[in-house]
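A.B. asks: I'll drop the sequence and a predicted model, then ask my questions.
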Amino acid sequence: MTASLKPMPAAPLSDMPATAQTTPRFSATFDPHTISEIQRAAATGIYDIRGGGAKRKLPHFDDLLFLGASISRYPLEGYREKCGTDVVLGARFAKKPIHLKIPITIAGMSFGALSGPAKEALGRGATIVGTSTTTGDGGMTPEERGHSQTLIYQYLPSRYGMNPDDLRKADAIEIVIGQGAKPGGGGMLLGQKISPRVARMRNLPEGIDQRSACRHPDWTGPDDLEIKIEELREITDWEKPIYVKVGASRPYYDTALAVKSGADVVVLDGMQGGTAATQEVFIENVGLPILAAIRPAVQALQDLGMHRKVQLIVSGGIRTGADVAKALALGADAVAIGTAALIALGDNDPRLEAEYAKLGTTAGAYDDWHEGRDPAGITTQDPELAARLDPLKAGRRLANYLSVLALETQTIARACGKSHVHNLEPEDLVALTVEAAAMARVPLAGTNWIPGSAGF
Amino acid sequence: MPVVDLAMVPLRSLNADLHKLPQNTNETHWTIRNPGGKHALAVGLDAPVTVEIEGHVGYYCGGMNKEATIVVTGNAGVGVGENMMSGEIRIKGDASQAAGATGRGGLLVIEGDASARCGISMKGIDIVVKGSIGPMSAFMAQEGNLVVLGDAGEALGDSIYEARLFVRGAVRSLGADCVEKPMEAADRAALAGVIARAGLSDDVSPDEFKLYGSARTLYHFHVDNASAY
Ligand SMILES: Cc1cc2nc3c(=O)[nH]c(=O)nc-3n(C[C@H](O)[C@H](O)[C@H](O)COP(=O)(O)O)c2cc1C
């Protein structure tokens, strides 16, 4: 400022409205949700627990695009030219590998977190389209075994309901080290959902707030894991594929160690992955988005000469066939879905809006799955609520949705000229953001720049 | 009666043969020589046979056992009898960590000492240790009885649910939510029963034990328990 400027004439006051005021301004830091969380914490003295996955915006498959065909790459005709979607899981060591018609599986969700009819519906839907379902942190139910043609049996730190008969009935075994929503955290099931049946299956008192262990009780570290896998193989006479599931945190090393320990399949779950009940602070702040985890995991497999020999299943925020196609193009062999499967069954249905309103939420945002009052009858143990879900109809909806995912994946694969969805590759992709380009190790759209790779 | 020398026969074929045994098999007594500390020995058995192992075993011997009786004349590695459902496993020597982990039934007897995390996450099994047990034993123990004739290490029964812990000797310290409890008639009867099944009725009397179990203060998430989470 120089001193030579003349003062401006004062504006005529009479032009100003009498109550001059700015619009209310919310802080970006102390936004309304954050403020409500502080108020909630102050009122209750305990952390917030909820279901679902990370809700914050994260780099994701949306930040990638396929290039499609061009003069040098020719596409395949829809419907007439074949585009395979089948996948074989577990051929490394298991005598009886898993054959799936589509590369989209149903992720592990416990009976306890979900109602009996919901588990049955998952089994029915998956079986119609020729894919697998997975048990969860509460053991195997006869409904589930009965309705799932291919059932993966989870071996979790809690070992609730674990027994050798179910192990022998399973088609594969999934050793759960961690989950994307909470790498390093154990399960929770609040008292409302510990019904007499759930309590019996888990050897727990009814109605308590249950915390499951976060570490396996009888092994620590990769050397022990190798022996644990040997034991499970011996018990099941080397028939069943053994999966190892990890939350996305150190995907290169976790994948390498799982392979070294003798896994047939690695399951990698990103932080958008759902949970039935976890502390909000955990869900939102621990782990990697799946986009950042796939390439390091694939790199580990390639470095060990095991890509496509040990299969990689990825999960965490898979919604569409585009997501499936992108995950496969980055090197995964299959994907798993949790949240989207529940939505297909009927979770967060707008037709239930009045009931969501009563619970202080709205359709599309309902995530208090731990409370057991799900109006859709899915994440509950209340017999009346659970009876609302028709397992036949819900199973059909899931089958429809899975078919759409497969068709969409094929649509993209054909556009890229691939006769099998597994032929999609990173070269088919570009990124819309610098972050996604770095994480997915594909070029920023319109450039040949892959941040972090040599040559820049 | 079969005698299997693990210096000659692969573990895989022994376990496979044991798995093929029908309920009414005539081959009810198996002797295993030269176990050589091998892991996953005699796991997943599902028939009322006796397997006597002459020597030391590695990890997870007798894992997920149903109905069989397994006797190890030497020491046992990590997780002996893990998740066993029924039957009996008897270790004449010492046992490493996590003995009887997550066991849901049957009887595990360790005639020597057991290391850390004995009976971790137990879900109905009965475990008898003639010697002492290491730290963090019966962590998150849910159901069943742990009977220790010697002493217990630090943090016994941390975050315990409804399992009963009977200790004759000293307890170095109790874990979160684990307390000494008065022994009621039902507890005493259960203890006497386990002692009898372990064949120790002539050695000890239930009166020599103290009972530890859950104070049940952590059964519900509550602000006043914040320091325990
Ligand atoms: C209701 C619910 C229950 C779950 N229970 C388990 C479980 O018992 N064990 C497990 O490994 N993962 C569990 N998960 C995580 C899923 O297996 C999977 O990793 C996740 O849902 C994938 O991400 P997505 O929900 O975005 O598809 C659960 C998820 C949900 C939504």
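C.D. replies: Structure received. Numbering: from 1, shown residues only, chains lettered A, B, ... in the order given.
A.B. asks: Grab the nearest non-local neighbour of the residue of the stretch 1-150 of chain A found nearest the ligand.
C.D. replies: Here the stretch 1-150 of chain A gets closest to the ligand at one residue, residue A:136, 2.8 Å apart by CB to the nearest ligand atom. C-betas here are computed from N, CA, C, even on glycine. Nearest residue to residue A:136 in three dimensions, chain neighbours excluded: residue A:110, at 2.9 Å (CB to CB, 6 or more residues apart in numbering or on different chains).
A.B. asks: cool, residue A:149 as well?
C.D. replies: Using CB to CB, 6+ apart and skipping residues adjacent in sequence, the residue nearest residue A:149 is residue A:127, 4.3 Å away.
A.B. asks: Assess the claim that that neighbour and residue A:145 are in contact.
C.D. replies: No. The pair residue A:127 / residue A:145 is not scored as a contact, 11.6 Å apart, by CB atoms under 8 Å.
A.B. asks: Around the ligand, pick out the residues from the stretch 151-300 of chain A.
C.D. replies: A:154, A:176, A:179, A:180, A:245, A:269, A:272, A:273, A:274, A:275, A:276 (CB under 6 Å from any ligand atom).
A.B. asks: again, 8 Å this time
C.D. replies: For the stretch 151-300 of chain A, the residues in contact with the ligand (CB under 8 Å from any ligand atom) are A:154, A:156, A:174, A:176, A:179-181, A:187, A:245, A:267, A:269-270, A:272-276.
A.B. asks: The residues you listed in strands, which ones?
C.D. replies: Judged by DSSP state E, those include A:154, A:174, A:176, A:245, A:267, A:269 as members of strands.
A.B. asks: can you pull the pLDDT of the closest residue to the second one other than its chain neighbours?
C.D. replies: Computed as CB to CB, 6+ apart, the closest residue to residue A:174 that is not its neighbour in sequence is residue A:243, at 4.1 Å. Reading off the per-residue confidence, residue A:243 sits at a pLDDT of 98.
A.B. asks: Could you do the one 4 residues further on as well?
C.D. replies: The score at residue A:247 is 98. That number is its pLDDT.
A.B. asks: distance of residue A:235 from residue B:66?
C.D. replies: The gap separating residue A:235 from residue B:66 is 11 Å, by CB to CB, to the nearest Å.
A.B. asks: Tell me the residues that contact both of these two, please.
C.D. replies: Contact criterion CB atoms under 8 Å, 6 or more residues apart in numbering or on different chains; residues shared by residue A:235 and residue B:66: residue A:164.
A.B. asks: The two - which one has more neighbours?
C.D. replies: residue A:235 (25 against 19; other CB atoms under 10 Å in any protein chain shown).
A.B. asks: does that one really touch residue A:166, like I thought?
C.D. replies: No. Judged on CB under 8 Å, residue A:235 makes no contact with residue A:166 at a distance of 11.5 Å.
A.B. asks: Tally up the residues packed near residue A:215, please.
C.D. replies: Neighbours of residue A:215 (other CB under 10 Å): 12.
A.B. asks: which secondary structure element contains it?
C.D. replies: Here residue A:215 sits in a region with no helix or strand, counting by DSSP states H and E.
A.B. asks: what's it in contact with, if anything?
C.D. replies: So residue A:215 contacts residue A:157 (CB under 8 Å, 6+ apart).
A.B. asks: same deal with the one 4 residues further on?
C.D. replies: Under the criterion of CB under 8 Å, 6+ apart, the neighbours of residue A:219 are A:225, A:227, A:228, B:59, B:78, B:79, B:98.
A.B. asks: and these as JSON lines, adding secondary structure, neighbour count and pLDDT?
C.D. replies: Below are those laid out as JSON lines (DSSP: H, G, I helix; E, B strand; the rest coil; neighbours: other CB atoms under 10 Å in any protein chain shown; pLDDT from 0 to 100):
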{"residue": "A:225", "secondary structure": "helix", "neighbour count": "21", "pLDDT": "98"}
{"residue": "A:227", "secondary structure": "helix", "neighbour count": "20", "pLDDT": "98"}
{"residue": "A:228", "secondary structure": "helix", "neighbour count": "26", "pLDDT": "98"}
{"residue": "B:59", "secondary structure": "coil", "neighbour count": "28", "pLDDT": "98"}
{"residue": "B:78", "secondary structure": "coil", "neighbour count": "25", "pLDDT": "98"}
{"residue": "B:79", "secondary structure": "coil", "neighbour count": "33", "pLDDT": "98"}
{"residue": "B:98", "secondary structure": "coil", "neighbour count": "33", "pLDDT": "98"}
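A.B. asks: from these, which is closest to residue A:65?
C.D. replies: residue A:225 (38.2 Å; CB to CB).
A.B. asks: just the helices in chain B please.
C.D. replies: B:11-20, B:185-197 (DSSP state H).
A.B. asks: Next, format those helices as TSV and append mean pLDDT and distance to the ligand.
C.D. replies: Output for the helices of chain B, formatted as TSV (pLDDT from 0 to 100; distance: least, CB to the nearest ligand atom, whole Å):
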stretch	mean pLDDT	distance to the ligand
helix B:11-20	98	28
helix B:185-197	98	32
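A.B. asks: Throw those helices into a markdown table and include mean neighbour count and distance to residue A:200, thanks.
C.D. replies: Converted to a markdown table, these look like this (neighbours: other CB atoms under 10 Å in any protein chain shown; distance: least, CB to CB, whole Å):
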| stretch | mean neighbour count | distance to residue A:200 |
| --- | --- | --- |
| helix B:11-20 | 17 | 28 |
| helix B:185-197 | 16 | 19 |
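A.B. asks: Could you save these as CSV and add columns showing distance to residue B:205?
C.D. replies: As requested, the helices of chain B are exported to CSV (distance: least, CB to CB, whole Å):
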stretch, distance to residue B:205
helix B:11-20, 38
helix B:185-197, 8
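A.B. asks: Contacts only, for the residue of the stretch 1-150 of chain A closest to the ligand.
C.D. replies: A:108, A:109, A:110, A:111, A:112, A:113, A:114, A:154, A:156.
A.B. asks: Among these, name the ones in strands.
C.D. replies: Among those, the members found in strands (DSSP E) are residue A:154.
A.B. asks: So which residues on the stretch 51-200 of chain A come close to chain B?
C.D. replies: A:158, A:159, A:162, A:163, A:164, A:167, A:190, A:191 (CB under 8 Å from any CB of the partner chain).
A.B. asks: Top of these by number of neighbours, please.
C.D. replies: Neighbour max across these (other CB under 10 Å) = residue A:158, 29 neighbours.
A.B. asks: What count of nearby residues applies to the closest residue to that residue other than its chain neighbours?
C.D. replies: Once flanking residues are discounted, residue A:158 sits nearest to residue A:212: 3.7 Å by CB to CB, 6+ apart. Applying other CB under 10 Å, we find 21 residues neighbouring residue A:212.
A.B. asks: In contact with the residue nearest to residue A:136, which residues?
C.D. replies: A:135, A:136, A:137, A:138, A:187, A:189, A:276.
A.B. asks: if we can go back for a sec, does the residue of the stretch 1-150 of chain A closest to the ligand belong to a helix, a strand or coil?
C.D. replies: Under DSSP: H, G, I helix; E, B strand; the rest coil, residue A:136 falls in the coil class.
A.B. asks: Now do the same for it: its pLDDT.
C.D. replies: 95.
A.B. asks: Which residue is the nearest non-sequential neighbour of residue B:208?
C.D. replies: Closest to residue B:208 by CB to CB, 6+ apart is residue B:168, at 5.0 Å.
A.B. asks: Near that neighbour, how many other residues are there?
C.D. replies: Neighbour number of residue B:168 under other CB under 10 Å is 18.
A.B. asks: ok, now how distant is it from residue B:143?
C.D. replies: 21 Å.
A.B. asks: Is the residue nearest to residue A:158 in contact with residue A:185, as I believe?
C.D. replies: No. Applying CB under 8 Å, one finds residue A:212 not in contact with residue A:185, separated by 9.3 Å.
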